[in-house]
Every structure is written in C-alpha cells, then in structure tokens.
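Colleague: how would this look folded up:
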Amino acid sequence: MKLVKLFGIALIALGLSAPAIAQQSGGQPDQVDQLAQMVGLSDDQQTEIRGILDGMQAEIQALNGQAQQLQQQIQGQIKPDYDEEAIRENAKELGEVTGEIAALSTLMQAKVDSVFTEEQREKLNKRMQQMQKMQQQRQMQQQMQ
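Modeller: This next block holds a predicted model:
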C-alpha cells in the first residue's frame, strides 16, 4: 500500500481536515497534536504541518462550497422543461472543481508527508496497519451480531 494512501487514511482516521483544524477549541489537543504524539513530530514539524494545512484550507473550503452550489444547480434542472446544455455545462464545471479538490487534497497530503522523517513514516505505516486491523475486526464482530 502506498504511503500517501496510508497517510490519507491517517488524516481521515484522526479527522485531520481543514475544517476540523479551524474548529478546534482551546485546551483540547488538535489532530496535529495527535499526529505528533503518534509519530513523534518535533515542534518545527508541527509548525510546518500547520502552515501547510492553514495555507490550503481556505481554497479547499471555497471549492467545496462551489461544488455544492453546482450540485444544487444540477438537481434543480430535474424538471420537465430541462435545459440539457445547462446540465452538461454545470456537470463539466463540477467535474473540474472536484478534480481540483482531489488535486489539492493530494498535494496537501504529499506536502505534509514530506515533513516526516523515514522513521516517522514507518511509525505511521505500522499505526495505520493496526488501525485497519482493528476496524476490520469491528466490522467482522458487527456482521456476526
């Protein structure tokens, strides 16, 4: 499994997303702190990761808002007197926006990954494998019930 994919899983597992970081309340350890504890990030690494996330969050949030508006416009076209050209144009634009969101999210993960040392990547890899096993065990237990 590729390390970037594992890192993406780590971000999801920790809830490490731009909106989550923006909503952190004082006194509670945020997801960067949790990641720091998981792999042993230095203060400089934490600062660098926060800078990467802060630098990209506004753009990703704006694109998410734009994607939601386009989805609503497309849904609004489901009617007897639909406009095929408008539907196709909105769908094309939605594809471009979601592609940009995917690119920015991947770039953000890659930039954060570049901050880690090889040892930290190995720790993250092991931790993500453990988390996947635990999740699979929970799913198996739920299926047995």
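Colleague: what are the buried residues along the top helix by length along the chain?
Modeller: Among the segments of the chain that qualify as a helix by DSSP state H, the longest is helix 43-76. Buried residues in helix 43-76, counting neighbours by 16 or more other CB atoms under 10 Å, are found at 45-46, 48-49, 52-53, 56-57, 60, 63, 66-67, 70, 73-74. The C-beta positions use only the backbone N, C-alpha and C, and glycine is treated the same way.
Colleague: hey, where'd the helices end up in the protein?
Modeller: With DSSP H as the criterion, the chain has helices spanning 3-14, 18-22, 31-39, 43-76, 84-113, 118-144.
Colleague: mean pLDDT for those: which is lowest?
Modeller: With a mean of 44, helix 18-22 has the lowest mean pLDDT of the helices of the chain.
Colleague: quick check, I52 in contact with Q109.
Modeller: No - using CB atoms under 8 Å, I52 is not in contact with Q109; the gap is 9.5 Å.
Colleague: stretch 60-74: how far from the chain's middle?
Modeller: Remark: stretch 60-74 is offset 17 Å from the chain centroid, using CA atoms, centre = their mean, to the nearest Å.
Colleague: now stretch 57-74
Modeller: For stretch 57-74, the distance to the chain centre is 15 Å (CA atoms, centre = their mean).
Colleague: output it as PDB, nothing but the C-alphas.
Modeller: The C-alpha coordinates for stretch 57-74 follow below in PDB (Å, rounded to 0.1, in the frame of the first residue of the first chain):
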ATOM      1  CA  GLN A  57      -7.800  25.100   3.900                       C
ATOM      2  CA  ALA A  58      -9.500  28.300   2.600                       C
ATOM      3  CA  GLU A  59      -9.100  27.200  -1.000                       C
ATOM      4  CA  ILE A  60     -10.400  23.700  -0.400                       C
ATOM      5  CA  GLN A  61     -13.400  25.100   1.600                       C
ATOM      6  CA  ALA A  62     -14.200  27.600  -1.200                       C
ATOM      7  CA  LEU A  63     -14.100  24.800  -3.800                       C
ATOM      8  CA  ASN A  64     -16.300  22.600  -1.600                       C
ATOM      9  CA  GLY A  65     -18.800  25.400  -1.500                       C
ATOM     10  CA  GLN A  66     -18.600  25.900  -5.200                       C
ATOM     11  CA  ALA A  67     -19.100  22.100  -5.800                       C
ATOM     12  CA  GLN A  68     -22.200  22.100  -3.500                       C
ATOM     13  CA  GLN A  69     -23.700  25.000  -5.400                       C
ATOM     14  CA  LEU A  70     -23.100  23.300  -8.700                       C
ATOM     15  CA  GLN A  71     -24.700  20.100  -7.400                       C
ATOM     16  CA  GLN A  72     -27.800  22.100  -6.400                       C
ATOM     17  CA  GLN A  73     -28.000  23.700  -9.800                       C
ATOM     18  CA  ILE A  74     -27.800  20.300 -11.500                       C
END
